[in-house]
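Student: attaching a predicted model along with its sequence, questions to come.
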Amino acid sequence: MLKSKTFVKKTRSGGVMKVVREHYLRDDIWCGSEVCTECKQESTVLQKDACMESSLCSYPHYLVPDTNVVLHQIDILEDPVICNVIILQTVLQEVRHRSAPVYKRLKDIIHEKEKRFYTFTNEHHRDTFIEREPGESANDRNDRAIRVAVKWYSQHLKTFESDTDGLKVVLLTNDQGNKQKAQDNGLLVYKCEEYVKSLIANPELVDRLALSSDDKNEITSSKVLFPEHLPLSRIQTGIKSSSFLQGTFRASRDNYLEATVFVQGEGEDGTEVLIQGLQNLNRAVHQDVVAVQLLPRSEWVAPSSVVLQDEGTAKDDEDAEEEEGKLRTAAAEAARKPTGKVVGIIKRNWRPFCGMLNVSQIKESTRHLFTPADRRIPRIRIETRQASTLSGQRIMVAIDGWPKDSRYPNGHFVRSLGGAGEKDTEEEVLLLEHDVPHQAFSQAVLSFLPKMPWAITPEDMMKREDLRPLTVCSVDPPGCTDIDDALHCRELENGNLEVGVHIADVSHFIRPGNALDKEAANRGTTVYLCGKRIDMVPELLSSNLCSLRSNVDRLAFSCIWEINHKAEILKTRFTKSVINSKASLTYAEAQMRIDDTNKNDDITKNLRGLNKLAKILKRQRIEKGALTLSSLEVRFHMDSETHDPIDLQTKELMETNSMVEEFMLLANISVAQKIYDEFSECALLRKHPAPPPSNYDILIKAAKSKEVEIHTDSAKALADSLDAAKVDGFPYFNTLLRILATRCMMQAVYFCSGMDSDFHHYGLASPIYTHFTSPIRRYADIIVHRLLAVAIGADTTYPDLMDKHKQSALCNNLNYRHKMSQYAQRASVAFHTQLFFKSRGILNEEGFVLFVRKNAIIVLIPKFGLEGTVFFDSKDKVSPNIVFEEEIPGVSVPPPDTERPAKKQKLDR
C-alpha cells in the first residue's frame, strides 16, 4: 500500500519546487513474539514467559517505553533486569533526532541478545501507521502513534491468549496527558517511576531513576539562587543582533567560582570571556555550549590569583559572599579581561561522571552530595538508599537538571565501579573520565584480521621491493612490543650514504571502511598507561603481524634518502617493501653498542652512521629555530606479581633517543611534502600554531624574578633566550624555564590541507609536517600511508580519502582522542605515584616553587615528577600574615620588626 504526500517549497533562487514524498505501508512486518503463530517470522526476540517480578504486573508482560522514558531513563533500560522491551520506530527516530549519545546506547542495548529488545517498524505497518491530523502538533501525533501501536500489540497477542498465560503489553510514560489518554483507550499504562518501584527483585534500581520535574521541585529550596535562563528563541535573536555571544564553557580546575567561555572566531581565531561568581556562572557545567552577555567595561575583572575548592557543605541558603569577595579584591589590582555572565544554555554536554559519595551527616537521610573526580564539575545532589554500601566506592552519577533554586545540580546513581584506591577501579575511572574507548574488540572487528598462520605471499613480493638483505634494526623503549619503525644506514659506491626509515605497513591489513578500520578511526590512538596499553588495533596486528620484530619478514612502507656526509638530502624515494630486522634494541643497548669501541659489526656501524648524521640534523634544526623544551617524565619499576610500583625514577634521555627522533622527524617532513604536492586539497597534515604573546607572561615573569630576559618574538629568539638563561648556583633554573615554556605552547593539531592555509609547525620550525612513522598506534598515520600509497601508485584511492570535509571531521576526532589520551596518561602516572608513596611515610626531597597564588604555591619535585598545591591556610592551623605581590607574582611573610617585606619569588628553591 502506498501513501504519498505532496507539498511545494521555495528554493534559494526564489522559485517554487513541487515535492512528492512516498510512504510504503506493509502487512508483513512481524511482531517478534515467541507466542505468535500468525506472523511468519523466522526468528523471534520477545519471550513467551516474559516475567519481570513486579507488584503492579504479576503477569508476563512486554514493555513499550515512550520517547521521554528512553531519553531520560536510559540507565534503567540498560539494567539487566529490564528485558522483553518493544522499541517502536516512532520512538527510535525521535531519540535519534534529540540525543545522539542516548541513541547509540539504545542501539547497543538492541544488539544485546540477552536483553531481548525488539524494534517494531510501526511507521510502515498498515495497521499502526497514522496520519497527522489538522492542528495536531508533531509531538501529539507521535504520542498517538505510540498508543495505536500498543493497542495493536495488545489485540494481536490476545488472539493467542490460550498460549500466553495472560501476556500483556505495558506502556511506560512520564507524560500525565499521554497516560490519561492511554487509560481512556483501555491500555495498560504506568509511569516509569511507578513501574520501577514495583520491581520486587531489584529494589536498588530505584536509585538509577532520573529525577522527574516533580521530584526536582521537592529537593530545591524556596530561595532563588540563580537568574532564569533565557529561552532559546531569545538567545538566537540575541546572538544574531550580537548582544549575546555563543561559546564553550570551560570551568577552572583551580577555582570553582571562575570559568572562561571560548567564543570561536573566524578560522582558528577565538576570544575568551571571563566569568566570575556563582550568579554569573549561572548553572553552566564544563563543556556546555552557552550564551554569554558581556558586562559593561567598568565591571571587567582579571583572572583571580586565589585557589578555591568547593568544600561541599550543603549551603543552599548561604551565599559565597566571602569567597566571591576574595575574587573581587584580587581583580581590582590587575589587567582586566572581557568579562561576562551566562544568560542561557544552548546545549548541555552532560555525561555520566565518576567520583565519590559524600554521605550526609543526617541519620537515615537518602539525599547525599556526590563529588566528581574532575574538579571542573560541580558537586551533584543524588537520592540513594545505598549510601552505606556506596561509601568508600567509586561510583558513576548522571545529572538530571539544575533548578534555579538549588545550589547544586540534581542527579541519579548510575553504577558502582569498585572500591576507591583499588588499582583496577582507579584505572577504569581514568579511562571513563577521559573518554578512552577500552572495551574488548567486537567479533565484527576481529573478523577482518588475517587468518593464522599468516605469511607473505608471492603476490605481495611482486608489488614490493625486497629489502631483506639490508642491515635494518629497531631502537625502542624497554618492553616495547608494538614496534612501528626500523632504520638502516649504508655507504654507497659514490661515497654518499643511504638512510632508510621503514615503517610497519598497517594499511595493508586495515582496509578502508570495514569494521576494523572504523574502530581504529574511532579510537584514534593507542593509550599507554603505567603497566597497561589500550590498543588502537587488535593485538594480533599491534604486537605481532605489524610489529617489526627482529629476524622475521615483515611488510613495511619505506622512506629512503641519499644523503651526503653534511646531512644534505640529495634524493628521496618511497616504496612498499619487505624487510627483515636484524636486531630489536632498547635505547640503552643501542647506546652501549655505539660507545663500545671494540664492537665493529654491521649493526653497530649502522648505528654509528645514523647517530653521526642525527647530530648534524639536530644542529641544523636548532639553527632554524626549533625549540628544545622540557617536561618531567617518570618511569615506574613494577612488581612482577602485584603489578604495584616498587621504584620510580625520571626518564633519562640518551643520544639514541635523539637519533631515532631526528630520522622520524625527517621522514614525517619528507612524506608531508610528497602528499601535499600530490593532494593539495586533502592531505592530512599536522601543525603547531605560534602561541599568542600573552601566553608567555608566566615565563617572562619567572625569568625576570632572576633578572634573566626572555625574547619571544620568534621561535628562534625564544630558543636562543632559553639557551642563554643560566643562574649561578641554580643549575636546575634552565630546566624549570623549559618546563614553563612547554606550558606556554599551543596544542599541535591534525588538519586537512584544503581547509587551512597556515601549515607551519612552530616547535619544529618546519613549514610542513605530518605523522607517518607510527601507524600501529596512531590512526592519522594510517591515512597518511594511504595517501602516500596512492601518490606512488602502490594502492587505489576511495571517496572519503579525497573528501576534505570528511578528512576535517576525522581530524577533529583524532585531535580530541590524542588530547584525552595525553591527559589519561598523566592521570595514570599521578595515580601510580600515589601508590608508590602510600607505604613510604614522609620523605625529604628538593622542590621548587613553580607558581605563586594569593593563598597557595604550586611546588614541583623533580625527582618524582610530582607537582602539587600547598595552601597557606588550612582548617587546623592559622595562616601566616602573607603579603601577595600580583605583578611579580610573589609572596612574602614580613618579619615582625620590618616595614617592607623581602619577596619570596617564583622559581625559588
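Tutor: Noted; the coordinates are in hand.
Student: domain parsing for the protein?
Tutor: 2-66+75-165, 352-420, 443-688+749-821, 693-745, 844-892 (the TED database).
Student: possible to save those domains as TSV with distance to residue 200, mean pLDDT and mean neighbour count?
Tutor: Quick note: C-beta positions are derived from backbone N, CA and C, even for glycine. TSV is the format used below for the domains of the chain (distance: least, Cβ to Cβ, whole Å; pLDDT from 0 to 100; neighbours: other Cβ atoms under 10 Å):
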stretch	distance to residue 200	mean pLDDT	mean neighbour count
domain 2-66+75-165	4	86	16
domain 352-420	15	89	19
domain 443-688+749-821	35	91	18
domain 693-745	56	85	17
domain 844-892	46	75	15
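Student: residue 235: which of these is closest?
Tutor: domain 352-420 (16.3 Å; Cβ to Cβ).
Student: for that closest one, how far is the first residue from the last?
Tutor: 17 Å (Cα to Cα, to the nearest Å).
Student: who's in contact with residue 157?
Tutor: Counting by Cβ atoms under 8 Å, 6 or more residues apart in numbering, residue 157 touches 31, 33, 35-36, 164, 167-169.
Student: please state the offset of the strand or helix carrying it from the chain centre?
Tutor: Residue 157 belongs to helix 138-158 when elements are defined using DSSP states H and E. Distance of helix 138-158 from the chain centroid (Cα atoms, centre = their mean, to the nearest Å) equals 40 Å.
Student: just stretch 42-52 next, same as before
Tutor: Worked out by Cα atoms, centre = their mean, stretch 42-52 lies 39 Å from the chain centre.
Student: likewise stretch 589-608?
Tutor: That offset, for stretch 589-608, works out to 42 Å (Cα atoms, centre = their mean).
Student: now do stretch 47-58
Tutor: 41 Å.
Student: which stretches of the stretch 401-550 of the chain form helices?
Tutor: 423-433, 443-446, 458-462, 506-509, 515-523, 539 (DSSP state H, counting those that start in this stretch).
Student: can you give me the helices for the stretch 151-300 of the chain?
Tutor: 161-164, 176-184, 192-198, 213-219, 232-240, 278-281.
Student: between those, which one is closest to residue 811.
Tutor: Closest among those, using Cβ to Cβ: helix 232-240, at 26.6 Å.
Student: by contact count, what packs against the closest one?
Tutor: strand 289-294, strand 340-347 (3 or more Cβ pairs under 8 Å, 6 or more residues apart in numbering; DSSP states H and E).
Student: the same query, at a cut-off of 7 Å, please.
Tutor: Packed against helix 232-240 by the contact rule (3 or more Cβ pairs under 7 Å, 6 or more residues apart in numbering; DSSP states H and E) you find strand 289-294.
Student: what comes up buried for the strand it packs on?
Tutor: 290-294 (16 or more other Cβ atoms under 10 Å).
Student: dump the residues you listed into JSON lines; add pLDDT as well.
Tutor: As requested, the buried residues of strand 289-294 are exported to JSON lines (pLDDT from 0 to 100):
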{"residue": "290", "pLDDT": "94"}
{"residue": "291", "pLDDT": "95"}
{"residue": "292", "pLDDT": "95"}
{"residue": "293", "pLDDT": "94"}
{"residue": "294", "pLDDT": "93"}
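Student: determine which two of those are furthest apart.
Tutor: 290 and 294 (13.1 Å).
Student: circling back to that earlier point, for residue 128, which of the helices of the stretch 401-550 of the chain is the nearest?
Tutor: helix 443-446 (31.6 Å).
Student: CA atoms only for the closest one - export them in PDB, please.
Tutor: Provided in PDB are the C-alpha atoms of helix 443-446 (Å, rounded to 0.1, in the frame of the first residue of the first chain):
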ATOM      1  CA  GLN A 443      33.700 -10.100  16.700                       C
ATOM      2  CA  ALA A 444      32.800  -7.800  13.800                       C
ATOM      3  CA  VAL A 445      36.200  -6.100  14.200                       C
ATOM      4  CA  LEU A 446      38.100  -9.300  14.800                       C
END
